[in-house]
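Trainee: give me coordinates for this.
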Amino acid sequence: MVVRGSEAFQVLKAHLKPTLLILLWMTGLRLLLFVALFYHQIGFHPDLPAALWAGFRFDLLIMGFFWIPIVLLTWAVCLIMPPRYLFFFWKLYFVVGILIIFDFSWMDFFWTAVTNRRLDSHFFNADLKFILDQGWHLVGETKAWIVTLAMGFSSLGLVLAIYGLKLEKNYNLPSKTKLAVEFFLSFFLVASAARGTWTAHHLRGEDALVSTDAILNQLPLNPLWNLDH
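Mentor: The predicted model follows:
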């Protein structure tokens with residue numbers, strides 16, 4: 001059991017680096033949106049660092065929820081079979097996650113260009129073809145292609161990074177105490193990330209209000225989180 005438990009933790013640990021890369025990438029997408037759409041309206045606002053930090057917290061919340069099935073299934077599977085068999089499945093799971101983030105971030109860019117607010121629940125009742133056509137026209141073909149290619153190639157780079165992941169075999173088995181710490185630590189970190197905060201209330205839309213500028217307050221919002229609000 002200790003062997004499988006150690007292997008389960010190695011499977012989880014192997015996906016920490018791509019998780020950090022995805023978080024950095026999501027911050028990069030937010031900066032891209034700011035430069036392409038908001039900069040000409042508000043310039044380099046002094047509250048921009050606070051907006052980026054708030055945005056990172058929203059991205060972390062999304063990744064926390066993304067990690068919940070990974071932690072639950074990996075530890076559960078080690079009770080009946082070696083968790084390394086899940087390694088390839090989680091790689092595919094990450095690739096799908098990257099493609100979903102790319103898809104909604106790309107649509108969010110044109111949605112924001114048209115409505116001046118981030119993608120939200122109105123998206124489900126909108127004429128997407130009209131939004132994309134109108135957004136492409138408002139942004140301009142050159143800028144639209146630059147943003148699209150930047151998002152596309154960065155997504156491809158992340159997918160290739162996931163493809164290259166290798167599971168390292170740990171031949172030094174941990175003690176039962178250390179394994180128990182690793183078990184509870186993995187759940188604690190994922191639960192904390194999924195809340196987005198350690199305060200009494202989980203992360204809310206009010207936490208995006210970091211400035212007196214209404215436009216800048218749109219920047220921290222994550223389109224995936226915003227779809228439910």
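
Trainee: quick one: contacts for the residue nearest to Thr27 when sequence neighbours are not counted?
Mentor: Nearest non-adjacent residue to Thr27, counting by Cβ to Cβ, 6 or more residues apart in numbering: Phe56, 5.9 Å away. The way it works is simple: take the backbone N, C-alpha and C, and place the C-beta from them, glycine included. Contacts for Phe56 were tallied using Cβ atoms under 8 Å, 6 or more residues apart in numbering; they are Leu23, Met26, Thr27.

Trainee: verify the stated contact: the first one with Met63.
Mentor: Yep, that's Leu23 we're talking about. Yes. Using Cβ atoms under 8 Å, Leu23 is in contact with Met63, at 6.3 Å.

Trainee: neighbour count: the two, which is higher?
Mentor: Met63 (20 against 16; other Cβ atoms under 10 Å).

Trainee: quick one: that one from Ser121, how far?
Mentor: Distance from Met63 to Ser121, counting by Cβ to Cβ, to the nearest Å: 21 Å.

Trainee: and stretch 105-121, what's buried?
Mentor: Neighbour counts using 16 or more other Cβ atoms under 10 Å place 105-115, 118-120 of stretch 105-121 among the buried residues.

Trainee: stretch 50-59 now?
Mentor: Within stretch 50-59, the residues that count as buried by 16+ other Cβ under 10 Å are Ala51, Leu52, Ala54, Gly55, Phe56, Arg57, Phe58, Asp59.

Trainee: filter those residues down to the ones in strands?
Mentor: Among the buried residues of stretch 50-59, no member is found in strands (DSSP state E).

Trainee: columns pLDDT and distance to Ile131 on top of those residues, output as CSV?
Mentor: Converted to CSV, the buried residues of stretch 50-59 look like this (pLDDT from 0 to 100; distance: Cβ to Cβ, whole Å):
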residue, pLDDT, distance to Ile131
Ala51, 93, 24
Leu52, 94, 26
Ala54, 92, 26
Gly55, 93, 22
Phe56, 94, 27
Arg57, 91, 27
Phe58, 93, 22
Asp59, 94, 23
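
Trainee: among those, which one sits closest to Lys13?
Mentor: Proximity of these to Lys13 (Cβ to Cβ) peaks at Asp59, which lies at 20.7 Å.

Trainee: fine, thanks again, bye for now.
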